[in-house]
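Enquirer: sequence first, predicted model second:
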Amino acid sequence: MIDVNTIFFDVDGTLVDARDDIANAVNYTLTKLGLKKRPMKSIVSYIGTGVKDLIAKSLGSKNSALSGEAVEIFSRYYVDHSADDAKLYPHTQEVLEYFKDKRKIILTNRYSKFADITLIKLGIRHYFEGIIGGDDESCLKPSACVLDTFSPKLDKDKAIIVGDMDIDIMTGKNSGVKTCWVTYGLGKSKDVRKLKPDFVIDDMLELESIIQ
């Protein structure tokens, strides 16, 4: 077990399964713009690198001129529908309660307001001290700046990042923070394993046996 006082959690694919809501919001956006819907599998593969990138990939290069309008449509819709079908992954709330005395911070490339609304609706927002979101397009995961900007005095020797994608593990490596990969999320095994995360878990509950 390791001595940790600060835990950074990713949202999508780690704490929350929001694939349906995100895909629905993207396809609503495409429909409003008179464009053809995309398969859910395609949209899900775009999740993780920020809202603008999600929209850009969903639009495709031929429709890039619509990106600004598309982000606005998506944002207005998603604010009201961010937890229609979203659900917590197994044991998420149990583990957050177990670590209630640890400093816990959300680390996501979602816009902060989207993360905030979803976590409130799912009843777990109160567990987190704050949210590091993807509001600043110049400072997103996997850059080390996401941690340095938010908490310059962070004791990195006693911090860990828990996430499901390669960018989460890369963020930890770039920042000098311990990393834990959850295998049940959106990340591709071949992409994550080559980064050699410090810990690998198949269930959030296993975090209790890692952090003392």
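Expert: Happy to help now that I have it.

Enquirer: next one: phi and psi at G50?
Expert: phi 100, psi 160 (degrees, to the nearest 10).

Enquirer: and H126, what pLDDT?
Expert: According to the prediction, H126 has pLDDT 98.

Enquirer: next, it: secondary structure please.
Expert: helix (DSSP: H, G, I helix; E, B strand; the rest coil).

Enquirer: quick one: the helices in the protein?
Expert: Taking DSSP state H as the test, the helices found in the chain are 19-32, 40-44, 51-59, 67-81, 92-98, 112-121, 145-150, 166-175, 189-193.

Enquirer: reformat these as TSV; add distance to E137 and mean pLDDT.
Expert: Just so you know, the C-beta spots here come from the backbone N, C-alpha and C atoms, and that holds for glycine as well. Output for these, formatted as TSV (distance: least, C-beta to C-beta, whole Å; pLDDT from 0 to 100):
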stretch	distance to E137	mean pLDDT
helix 19-32	18	97
helix 40-44	20	96
helix 51-59	6	96
helix 67-81	11	96
helix 92-98	28	98
helix 112-121	13	96
helix 145-150	12	86
helix 166-175	15	97
helix 189-193	23	96
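
Enquirer: looking at the ones you listed, which is nearest to I201?
Expert: I201 lies closest to helix 92-98 among the helices of the chain, at 10.3 Å (C-beta to C-beta).

Enquirer: on that earlier part again, for L205, which of the helices of the chain is the nearest?
Expert: helix 92-98 (6.2 Å).

Enquirer: which residues touch that closest one?
Expert: 15-16, 104, 123-124, 127, 204-205, 207-208 (C-beta atoms under 8 Å, 6 or more residues apart in numbering).

Enquirer: enumerate every residue touching G187.
Expert: 13, 163-166, 168, 181.

Enquirer: residues near E129, how many?
Expert: 11 (other C-beta atoms under 10 Å).

Enquirer: typo on my end, it should be V177
Expert: Neighbour tally, V177, other C-beta under 10 Å: 23.

Enquirer: nearest residue to it in space, please, no chain neighbours.
Expert: Leaving out its chain neighbours, the residue that sits closest to V177 by C-beta to C-beta, 6 or more residues apart in numbering is A159, at 4.7 Å.

Enquirer: do you know the pLDDT at that neighbour?
Expert: For A159, the model assigns a pLDDT of 97.

Enquirer: for it, give me its contacts.
Expert: Neighbours of A159 in contact, by C-beta under 8 Å, 6+ apart: 4-8, 177-178.

Enquirer: just the buried members of those residues?
Expert: Neighbour counting by 16 or more other C-beta atoms under 10 Å classes 4, 6-8, 177-178 among the contacts of A159 as buried.

Enquirer: how about CSV for those, with distance to Y111 added?
Expert: Shown next, in CSV, are these (distance: C-beta to C-beta, whole Å):
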residue, distance to Y111
V4, 27
T6, 23
I7, 22
F8, 17
V177, 23
K178, 27
